[in-house]
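J.: Please work out how this folds:
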Amino acid sequence: MNNRDKNDDCDFSAEMFNMEGVKPLKQDKHVYFGPTEADRLAKKLRREALERTLGGFRNYLTTESVHAILPDDIISFKKDGVQDGVFKNLRLGKYAITNTLNFQGMNFKLVHDKFFQFIVNNYQEGNRSLLIKHGMGINSKPFPAFYKSYVNVWLHSMPEILAFHTATKQHGGYGAVYVLLKKNEKQKLENRERHQAG
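T.: Numbers count the residues shown, from 1 in each chain. This next block holds a predicted model:
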């Protein structure tokens, strides 16, 4: 370092000491790392707790983008083997509704979780005829019939579903859907035993 550099350093130090209000910066002694083992364990425990609340099943229903349908589209489906008379009664709302799920006031994440839980729980409890009020979603974002479009895809993807059809006007019309669930294993066993006894 030459004499000129030394003088510049001295001048700078002198100026800093003479300036009012100049304070040295505080050093942050914290060191930040990525997720710790504890973070990963906490996440795993939260996931396991959620799976327990969903009857031990992981919610596999898609949250990816889906094909949009229109608010006044009829959504309808029946698996092979469902009798025409059974499907007609479902379509006309003739089955007693054993449970209802209403999406009003729910955000998408909650709808996703509640829908899956609703179907799985009702299947396990042996409830067969359900009503889901998804709304028409005329002004929904990011596109019209947002929830209805997802419900249509989700209902097609769940093995517990035997059939579904847009509800009649008295139960919500285009903003709702009747769902018919399969018999669960206990119900199937009871049915077999009843037939064998007869």
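
J.: how about the strands in the protein?
T.: 76-78, 99-102, 129-133, 161-166, 176-181 (DSSP state E).

J.: And the fourth one, what does it pack against?
T.: Judged by 3 or more Cβ pairs under 8 Å, 6 or more residues apart in numbering; DSSP states H and E, strand 161-166 is in contact with strand 76-78, helix 84-91, strand 176-181. Just so you know, the C-beta spots here come from the backbone N, C-alpha and C atoms, and that holds for glycine as well.

J.: okay, and for the protein, where does confidence drop off?
T.: 1-35, 39, 42-57, 191, 195, 198 (pLDDT under 70).

J.: so who does the residue nearest in space to the middle of it touch?
T.: The centre of the chain sits closest to residue 112, judged by Cα atoms, centre = their mean, with a distance of 1.6 Å. Residues near residue 112 by Cβ atoms under 8 Å, 6 or more residues apart in numbering: 59, 61, 63, 150.

J.: Likewise for residue 140?
T.: 146-147.

J.: For the remainder of this discussion, apply numbering that starts at 25.
T.: Sure, I'll start numbering at 25, so the last one becomes residue 164.

J.: so residue 143 touches residue 184, yeah?
T.: Yes: with contacts counted by Cβ atoms under 8 Å, residue 143 reaches residue 184, the gap being 5.7 Å.

J.: Who has more neighbours out of the two?
T.: residue 143 (25 against 14; other Cβ atoms under 10 Å).

J.: Pick the most buried one from the strands of the chain.
T.: strand 200-205 (a mean of 24; mean count of other Cβ atoms under 10 Å).

J.: Which neighbouring elements make contact with that one?
T.: helix 108-115, helix 132-149, strand 153-157, helix 170-181, strand 185-190.

J.: can you tell me which of those comes nearest to residue 122?
T.: Residue 122 lies closest, by Cβ to Cβ, to one member of those: strand 153-157, at 5.5 Å.

J.: strand partners of the closest one, parallel vs antiparallel please.
T.: strand 123-126 (parallel), strand 200-205 (antiparallel) (DSSP bridges).

J.: Helix 170-181 and the last one, what's the angle between them?
T.: Between strand 200-205 and helix 170-181, the angle formed by their directions is 20 degrees, by axes from the mean of the first three to the mean of the last three Cα atoms, to 10 degrees.

J.: Show me what strand 200-205 is in contact with.
T.: 99, 106, 110, 114-115, 117, 119, 121, 143, 146-147, 151-158, 175, 179, 184-191, 195.
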